[in-house]
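Novice: Here's a sequence, model it:
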Amino acid sequence: MFFEEVSLKFNYGYENSAELLNKVERDESKLYDAVVSQCPDRIADSIFNFSITAYHIKDWLKEEGFTDVESFINSEPMLRLCADLCNGSKHRILTKNREKSDLVLSIKNSDLTTDMTSITCDSTIPLCGHTVRILLSSGKEVEILHFAKSILEIWRRYINT
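Specialist: Numbers count the residues shown, from 1 in each chain. Okay, here's the model as predicted:
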């Protein structure tokens with residue numbers, strides 16, 4: 001038996017990219033709460049959920065007529081990083097890097113430092129707690145909460161212009 005290809009709106013609860021961006025914002029908040037909780041499972045789940053939804057806003061934007069989404073992603077280092085984090089999470093391993101010059105080497109727990117000015121944590125986080133950092137081939141490290149906040153700001157700016 002052959003099946004005819006049919007296009008269906010097949011999702012629950014989201015009508016457009018703006019509503020999906022609101023979900024990404026809630027995912028960012030859950031990621032923050034997970035890091036504050038120091039629960040490894042919550043942190044892992046939150047990074048996974050955030051990166052996949054945050055990257056795939058692009059598909060919704062394309063459906064809404066945004067024609068330059070791929071070139072926009074290519075012009076934004078944090079979105080290229082989001083693509084690689086998403087695809088590495090979704091497929092278990094990253095086989096095709098979106099980022100070509102500053103490759104992701106690892107993502108792992110990292111001690112909190114006293115000079116972390118780009119994020120704030122709840123006062124209940126233990127002094128011996130940790131965050132997650134993405135290590136790039138340039139030696140640069142991207143702290144996960146800073147990453148999530150940056151992705152939200154980039155997508156908001158793109159959608160609003």
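Novice: so Ile134 sits right up against Leu103, yeah?
Specialist: No. Ile134 is not in contact with Leu103 according to CB atoms under 8 Å; the separation is 10.7 Å. Placement of C-beta: from N, CA and C, glycine included.
Novice: Those two: which is more packed in?
Specialist: Between Ile134 and Leu103, counting by other CB atoms under 10 Å, Ile134 is the more crowded of the two (21 against 14).
Novice: I'd like the distance between the residue positioned nearest the centre of the chain and Arg42.
Specialist: In the chain, the residue lying closest to the centroid (CA atoms, centre = their mean) is Ser51, at 2.9 Å. Using CB to CB, to the nearest Å, Ser51 is found at 15 Å from Arg42.
Novice: so how far is the longest helix along the chain off the chain centroid?
Specialist: For the chain, the longest helix by residue count, based on DSSP state H, is helix 40-63. Distance of helix 40-63 from the chain centroid (CA atoms, centre = their mean, to the nearest Å) equals 5 Å.
Novice: Check stretch 144-158 too.
Specialist: Relative to its chain's centre, stretch 144-158 lies at 8 Å (CA atoms, centre = their mean).
Novice: What are the boundaries of the helices in this protein?
Specialist: 17-37, 40-63, 69-75, 77-90, 144-160.
Novice: Just name the most buried of these.
Specialist: Comparing these by mean neighbour count (mean count of other CB atoms under 10 Å), helix 77-90 ranks first with a mean of 21.
Novice: Distance from that one to the middle of the chain?
Specialist: Computed by CA atoms, centre = their mean, the chain-centroid distance of helix 77-90 equals 7 Å.
Novice: now it: mean pLDDT?
Specialist: Mean pLDDT, helix 77-90: 87.
Novice: Output the contacting helices and strands for it.
Specialist: In this structure, helix 77-90 packs against helix 40-63, helix 69-75, strand 104-111, strand 130-136, helix 144-160, with contacts taken as 3 or more CB pairs under 8 Å, 6 or more residues apart in numbering; DSSP states H and E.
Novice: mind checking which helix or strand of the chain has the lowest mean pLDDT?
Specialist: strand 104-111 (a mean of 69; mean pLDDT, DSSP states H and E).
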